[in-house]
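Novice: Got a predicted structure plus its sequence, pasted below:
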There are 2 protein chains.
Amino acid sequence: MRLTQYFLPTMKETPSEAQIVSHRYMLRAGMIRQASAGIYSWLPLGHRVLKKIEQIVREEQDATGAQEILMPTIQSADLWRQSGRYEDYGKEMLRITDRHERDMLYGPTNEEQVTEIAAAYIKSYRQLPKNLYHIQWKFRDEVRPRFGIMRGREFLMKDAYSFDIDAESGRRAYNKMFVAYLRTFARMELKAIPMRADTGPIGGDMSHEFIILADTGESAVFCHRDFLERDVLALDVDYESDLQPIVDEWTGLYAATDEMHDPAQFEREVPAESRVSDRGIEVGHIFFFGEKYSKPFGAIVPTPEGGETTMQMGSYGIGVSRLVGAIIEASHDDKGIIWPEAVAPFKVGLINLRSGDDDCDAACDDIYDKLNAAGVEVLYDDRPERAGSKFADMDLIGLPWQLVVGPRGLKNGVVELKSRRTGETEELPVAVALERLGG
Amino acid sequence: MRLTQYFLPTMKETPSEAQIVSHRYMLRAGMIRQASAGIYSWLPLGHRVLKKIEQIVREEQDATGAQEILMPTIQSADLWRQSGRYEDYGKEMLRITDRHERDMLYGPTNEEQVTEIAAAYIKSYRQLPKNLYHIQWKFRDEVRPRFGIMRGREFLMKDAYSFDIDAESGRRAYNKMFVAYLRTFARMELKAIPMRADTGPIGGDMSHEFIILADTGESAVFCHRDFLERDVLALDVDYESDLQPIVDEWTGLYAATDEMHDPAQFEREVPAESRVSDRGIEVGHIFFFGEKYSKPFGAIVPTPEGGETTMQMGSYGIGVSRLVGAIIEASHDDKGIIWPEAVAPFKVGLINLRSGDDDCDAACDDIYDKLNAAGVEVLYDDRPERAGSKFADMDLIGLPWQLVVGPRGLKNGVVELKSRRTGETEELPVAVALERLGG
């Protein structure tokens, strides 16, 4: 993409309404625009990141055998009356009356809806286990939306729902999601720590939140320092094998959110020098709640033994849009965002130091064409701007690699390749630079 | 995907509530489930088709230089007051009051919202032309939703918006979309005819609907028979060239929707034997409306001459979810759906005639693994069902190719390859069949 044609409205000023760094940078980098309180439009750069995160989430769900569906945003209030949550949910639920005076709502989550589907179609234990997930917009009418898309009202969530014949099988489904979450966040280069968590309005007796440590996190969290050094990237998993050892390993050390924190236990189990008290951003939350929804919806199957049983369920959420902010909170400097390569909107920023100069233009056009032909995503700053402004914008939007083409280097046949993360630069012949970038 | 694991709730009975063939087959093939009136969940098979259609639409939009964004579903009523459409839109608009008593709405379309964005960021004629599109759920509170997802209330739409410096450039933007639409529908093997159309609540002075002829269409349409014989697939386009000749060719013959129909002109211009009066399904609608929205939103840019001008706009919609139904209406027989290959949920249905038989199972497993390894999408019916039921289900869900593996054939080293569209079958050695399917 050429920047002269791209819709990338960056700004130099720091927007006064933004209190945290991810919100500031997302506004300044032209990723989002506020539509109304807690509701945002995703501009082209932001949209690209959102789609990459969504795709990673999807691939890791699919790898477990979960199947993608898509439930609507607008639900009938009657569904929620059946589970008893219609009144419970309070003012966070956006309630709607349609033209025929029927009570509807904008789904804040989908336990009721998916259980209705499972109850309608799953009629034999042979159809179990199943895990159905979707990636869909949700709405929670937060009283004070803030921090940009981190605590917005309309947000994109992946929510999966497992259906099993018994609690043991349900535990296996829970473990699959637990491990899939470790892998999902690791692919985004996030250190997400699974912490014992409160089940809140979803309910159930087993629950973990996946938490990124960050000063700007919404709540206090407590964990063992060893979590911070663990590497999850090598975790290549056979999902049909027993995953309990992995889960045990990741739940064996103390880690709890504020609501579940037990100071006495923390001090007893964790040596003083390993106690981490920090703030955390929740990026995922998994629940096992057995029959809480399957019972009111009559999600019952005959058993192999000739009896019948109520399905065991869990639900598993990832805040897809929130992850965009969480990644920025975890990966930035004072110049801007530093995207992990897997979610970067483009891999390479190509900077023409002297747009209009025939040699520079020709060299850049050639590099641009070759990178595109090789399928390397490149944003080419071909604007007639001064170099300083191009560097500032490129640092702000945080592409992993900057390829700088100037008249002096070209005379010697070299260009400069810079890593946004380390700041290291190298002068390289064009062909070598292209090879490095996969072009 | 193995059918024993897939969530594919097919039904034998014809659902009584479904009046048209696409609705019947989508329910019977386990593609959708009604959530409430005019609102549907997309089950795995339906979701796959929806995503394929979405991706074709996206690729053809991108090819024109349009850029993808994503605007939220919930909009502020104030935006619509600014354009004057808040009252005009009537009861089809789903109106919502949030917890702070602010008037909101579920967007039925996005002219206001995108114009607010353009007005905020496009500050120079150098930033023009631009075309921003998104693929997002919309809601129109139809008084009588019917025909399944064809006339639902919550539906997925691609809507693009062009911004230009003057009417001539605006016309070029319109032409790009016109041609992109021809290509988009052709890739889905749909004969979509551009027809002069009423502009309705969007407004403007130039508009075409893209119409599929079908008995079950919602409205009467009139056109020259020659349209039905035209082939658009060869249309390889340079979008920077002058597209007017293509547009002229496709608008040169009579074609009009009911609202724009002029019987006298029809009889004057079209020989009696070439007059087609039929019913049509609208799958796309494009509009050029100049300053209708840019004016109230102050979407003004300085001109090269030093003055300033209001941007010229158009908007361009494709009914993404509706297309699923439209394709079925256009491509089915009395046994079920016949998917065009580009949008088929899987390319191949692998039928094991005797699941449980060692030889059949081994041959099928081998074929299944090879097709998957080659990236050929295959649905493997490995259920312990009788052959008749497997054939019926496979015909119903309409995958382009059926690969039938039975004990008798295997003795002679052959399998049967059947085209769902033509019904033609061939006995082939396994390796040859795999090669045919790209495996």
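Specialist: Cool, got the structure. This one's a predicted model, so the numbers in the text were calculated from it and none came from an experiment.
Novice: to the chain's geometric centre, what's the distance from stretch A:191-200?
Specialist: In this view, stretch A:191-200 has its centroid 15 Å away from the chain centroid, taken as Cα atoms, centre = their mean, to the nearest Å.
Novice: First residue to last residue on that stretch, what's the distance there?
Specialist: 24 Å (Cα to Cα, to the nearest Å).
Novice: So for stretch A:51-70, what gets flagged as buried?
Specialist: Residues A:51-54, A:56-58, A:60-61, A:64-70 are the ones in stretch A:51-70 that count as buried (16 or more other Cβ atoms under 10 Å in any protein chain shown). Placement of C-beta: from N, CA and C, glycine included.
Novice: scratch that, stretch A:190-210
Specialist: A:190-197, A:199, A:202-204, A:206-210.
Novice: Now intersect the residues you listed with the helices, please.
Specialist: Counting by DSSP state H, the buried residues of stretch A:190-210 place none of their members in helices.
Novice: what about stretch A:365-379, how long is it end to end?
Specialist: End-to-end distance (Cα to Cα), stretch A:365-379: 12 Å.
Novice: Now do the same for A:Pro201: its pLDDT.
Specialist: You'll see A:Pro201 listed with a pLDDT of 69.
Novice: what residues does the stretch 51-200 of chain A put near chain B?
Specialist: A:65, A:67-76, A:91-92, A:94, A:96, A:98-99, A:102, A:104, A:106, A:113, A:117, A:120-121, A:126-127, A:130, A:132, A:137, A:139, A:141, A:143, A:153-154 (Cβ under 8 Å from any Cβ of the partner chain).
Novice: out of those, which are inside helices?
Specialist: A:Gln113, A:Ile117, A:Ala120, A:Tyr121.
Novice: Work out for me the element the residue lying closest to the third one once chain neighbours are set aside sits within.
Specialist: By that I understand A:Ala120. Once flanking residues are discounted, A:Ala120 sits nearest to B:Arg33: 6.8 Å by Cβ to Cβ, 6 or more residues apart in numbering or on different chains. Using DSSP states H and E, B:Arg33 maps to strand B:32-36.
Novice: Contacts for that strand next, please.
Specialist: Contact with strand B:32-36 is made by A:71-72, A:74-76, A:102, A:104, A:113, A:117, A:120-121, B:26-27, B:40-43, B:46, B:148-149, as judged by Cβ atoms under 8 Å, 6 or more residues apart in numbering or on different chains.
Novice: What about those, which are in strands?
Specialist: Secondary structure assignment by DSSP state E places A:Ile74, A:Gln75, A:Ser76, A:Met104, B:Tyr40, B:Ser41, B:Trp42 of the contacts of strand B:32-36 in strands.
Novice: could you pull out the helices for chain A?
Specialist: A:21-28, A:44-63, A:77-83, A:85-88, A:111-121, A:167-187, A:226-229, A:244-251, A:263-269, A:320-330, A:358-373, A:387-397, A:407-411, A:430-436.
Novice: For the fourth one, give me every contacting residue.
Specialist: Under the contact criterion Cβ under 8 Å, 6+ apart, helix A:85-88 has outside partners A:Ala77, A:Trp80, A:Met93, A:Leu105, A:Glu112, A:Pro201.
Novice: Tell me which residues touch the residue lying closest to A:Arg436 once chain neighbours are set aside, please.
Specialist: Setting aside the residues directly before and after it, A:Arg436 is nearest to A:Leu417 in space (Cβ to Cβ, 6+ apart), at 6.4 Å. The contact partners of A:Leu417, by Cβ under 8 Å, 6+ apart, come to A:Trp401, A:Gln402, A:Leu403, A:Val404, A:Thr425, A:Glu426, A:Leu428, A:Ala433, A:Arg436, A:Leu437.
Novice: The closest residue in space to A:Asn175 that isn't next to it in sequence and A:Val343, how far apart?
Specialist: Setting aside the residues directly before and after it, A:Asn175 is nearest to A:Leu243 in space (Cβ to Cβ, 6+ apart), at 4.1 Å. In this view, A:Leu243 and A:Val343 are 26 Å apart by Cβ to Cβ, to the nearest Å.
Novice: that older thread, right, so the helices of chain A: which one is the most enclosed?
Specialist: helix A:320-330 (a mean of 25; mean count of other Cβ atoms under 10 Å in any protein chain shown).
Novice: For it, list the C-alpha coordinates in CSV.
Specialist: Extracted in CSV, the C-alpha atoms of helix A:320-330 (Å, rounded to 0.1, in the frame of the first residue of the first chain):
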residue,chain,number,x,y,z
VAL,A,320,-10.5,-9.8,20.4
SER,A,321,-10.8,-6.1,20.1
ARG,A,322,-9.4,-5.5,23.6
LEU,A,323,-6.3,-7.5,22.6
VAL,A,324,-5.3,-4.7,20.2
GLY,A,325,-5.0,-2.4,23.1
ALA,A,326,-3.5,-5.0,25.4
ILE,A,327,-0.7,-5.7,22.9
ILE,A,328,0.1,-2.0,22.7
GLU,A,329,0.1,-1.7,26.4
ALA,A,330,2.6,-4.5,26.5
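Novice: Show me the strands in the stretch 151-300 of chain A, by range?
Specialist: Counting by DSSP state E, counting those that start in this stretch, the stretch 151-300 of chain A has strands at residues A:154-164, A:192-196, A:206-213, A:219-224, A:255-257, A:275-290, A:300-302.
Novice: Tell me the helices and strands packed up against the second one.
Specialist: It stands for strand A:192-196. helix A:167-187, strand A:206-213, strand A:219-224, helix A:244-251, strand A:255-257, strand A:275-290 (3 or more Cβ pairs under 8 Å, 6 or more residues apart in numbering or on different chains; DSSP states H and E).
Novice: What sits closest to A:Leu3 if chain neighbours are left out?
Specialist: A:Asp381 (4.6 Å).
Novice: Show me the beta-bridge partners of the one you found.
Specialist: A:Ile351 (DSSP bridges).
Novice: and the gap between it and A:Val405?
Specialist: 10 Å.
Novice: Quick check: neighbours shared by these two?
Specialist: A:Leu350, A:Ile351, A:Asn352.
Novice: Now do the same contact list for the nearest residue to the first one once chain neighbours are set aside.
Specialist: In space, and not counting its chain neighbours, A:Leu350 is closest to A:Tyr380: 4.4 Å by Cβ to Cβ, 6+ apart. A:Tyr380 makes contact with A:Met1, A:Arg2, A:Leu3, A:Leu350, A:Asn352, A:Cys364, A:Tyr368 under the criterion Cβ under 8 Å, 6+ apart.
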